[in-house]
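> this is a predicted model, with the sequence first.
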Amino acid sequence: MKAAFEKIQKDSEASFVCQESKVPSFDSPYHYHPELEIALVVASSGQRLVGDHVGRFGEGDFVLHGANLPHAYYNDSNFRGIAHSRIIQFREDCLGNSFFDVAEMSQIKALLQKAKRGLWFKGETRQEAMERLELIFMAEGPQKITHFIGLLDSLSCSTEYEYLASEYFSPGLNSHQAERINRVCEFIHSHFKETITQVETAAKINMSPPAFSRFFHRITGKTFTEFLNEVRIGYACHRLTHSEESVVQICYDSGYQNLSNFNRRFRELRQMTPSAYRKTFQGISSGVFR
């Protein structure tokens, strides 16, 4: 998962970029850019990485990424279909150097600051935001800007959101570190269903286990085991709510070798048993995963 710098190309006369993507699967690396990014997953499911956050995404997932906040979206290996997304990328000065500094825009200014950690929107806010995004993509001329400001205003007034990255997340990566952490996270994402160890993973980037342990914790804010468990339990949650497989089968498919360890890790991260989680969340129609 390379925290690669991405240069956003846009019409030199446009204030912000609108992109619609329909691809077999999301394949962008762990990347960052100086533009803020509004990202809607229209159709797809998988794993979302935002800063030091590891979570799930599904249809209707709506996130505001802050400037230079590393992020990546990976489809599940069994995903079949078209990965459809709509994205708006913009700089804070896209409407003028001081546009968001005036008193009338103070609430939107605060929203852009909070977005440094990534904001995941839900509930009625998410539904309204999806409708406003549709209007932006359809509009032309001044109406496009009007709908854009309306969207930011709607998000800024909402309390229906969660922060994604932790409060103290600060990647501060150089290119060499970025390349290394990218390779590590891609390896974990591709092999979490198997038995993988810190020693094996450290060898992938030619580091000793002790050096790797310090490096990984400094970049992600988590130990290797904590990160791996978050990936596995996130996948298990998806299977619990979107399949009729037994808890035992999901345990093994998620990379755990015994049910007791799976149950223990699940309770640590979700504060309930896998069976209770299934009863609570199975059948929720929003399609958005946590």
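Received, thanks.

> helices of the stretch 51-200 of the chain, start to end?
Taking DSSP state H, counting those that start in this stretch to define them, one finds helices in the stretch 51-200 of the chain at 106-114, 123-138, 142-157, 175-191, 198-204.

> send me the fourth one as CSV with only the CA atoms.
Output in CSV follows, covering the C-alpha atoms of helix 175-191 (Å, rounded to 0.1, in the frame of the first residue of the first chain):
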residue,chain,number,x,y,z
SER,A,175,9.2,8.2,-0.5
HIS,A,176,11.2,5.2,0.8
GLN,A,177,9.0,4.7,3.8
ALA,A,178,5.9,5.1,1.6
GLU,A,179,7.1,2.4,-0.7
ARG,A,180,7.8,0.1,2.2
ILE,A,181,4.5,0.5,4.0
ASN,A,182,2.7,0.1,0.7
ARG,A,183,4.3,-3.3,0.1
VAL,A,184,3.5,-4.4,3.6
CYS,A,185,-0.2,-3.4,3.5
GLU,A,186,-0.7,-4.9,0.1
PHE,A,187,0.8,-8.2,1.4
ILE,A,188,-1.5,-8.2,4.4
HIS,A,189,-4.6,-7.4,2.4
SER,A,190,-3.8,-10.2,-0.1
HIS,A,191,-2.9,-12.8,2.5
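
> against which helices or strands is it packed?
Counting contacts by 3 or more Cβ pairs under 8 Å, 6 or more residues apart in numbering; DSSP states H and E, helix 175-191 is packed against helix 198-204, helix 209-220, helix 224-242. (Each C-beta comes from the backbone N, C-alpha and C, glycine too.)

> just the buried positions in the longest one, please.
Within helix 224-242, the residues that qualify as buried are 224, 226-242, counting by 16 or more other Cβ atoms under 10 Å.

> same list (the helices of the stretch 51-200 of the chain) but as CSV, adding mean pLDDT, mean neighbour count and distance to Leu95.
Shown next, in CSV, are these (pLDDT from 0 to 100; neighbours: other Cβ atoms under 10 Å; distance: least, Cβ to Cβ, whole Å):
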stretch, mean pLDDT, mean neighbour count, distance to Leu95
helix 106-114, 95, 16, 10
helix 123-138, 96, 16, 14
helix 142-157, 96, 17, 7
helix 175-191, 81, 18, 31
helix 198-204, 95, 16, 44
